[in-house]
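Peer 1: Quick one, what's the 3D model for this:
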Amino acid sequence: MYRVLKTAGVRANVVVENTDTKSNVIIGRLSTDIVDTIKTHREAGYTIPEYDSIWNIEVNSDCAKELTKLAMPMKKPVRDQRKKPEEKKVGVNVDAFDLIFGI
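Peer 2: Residues are numbered from 1 along each chain as shown. Here you go, the predicted model:
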């Protein structure tokens, strides 16, 4: 059995909790994707509580799996693959002895 939890307020995070293992996944802030997923898996005639109220909705495992897919994805940043121009060395080769002795 799974529950969808949300504290009061529109900007509160939505959490999916497994009631058997007491583990939870933070989905993120309330969005239309979350509401649509819950609506598609609920039986006819069920209404979702108001968006700014406290949520404690029981959902089935299929709905919980789809909701966890909506969790905040961590993506690697895109690697910069632009070619860097080669640095051209202008001037004379300077050696450590030249710096020390001033030759």
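Peer 1: Check the secondary structure at the most centrally placed residue in the chain for me.
Peer 2: Against the mean C-alpha coordinate of the chain, by CA atoms, centre = their mean, the closest residue is Met72 at 1.9 Å. At Met72, secondary structure determined by DSSP: H, G, I helix; E, B strand; the rest coil is coil.
Peer 1: and what of Lys65?
Peer 2: Following three-state DSSP, Lys65 is assigned to helix.
Peer 1: count of neighbours near it?
Peer 2: Residues lying near Lys65 (other CB atoms under 10 Å) number 12. For every residue, glycine as well, the C-beta is placed using N, CA and C.
Peer 1: what pLDDT does it get?
Peer 2: Predicted confidence (pLDDT) for Lys65: 91.
Peer 1: One more: Gly45?
Peer 2: 60.
Peer 1: Helix or strand next in line after the helix or strand containing Ile34, which one?
Peer 2: According to DSSP states H and E, Ile34 maps onto helix 32-41. Later in the chain than helix 32-41, the nearest helix or strand by DSSP H and E is strand 55-59.
Peer 1: Thanks a lot, see you next time.
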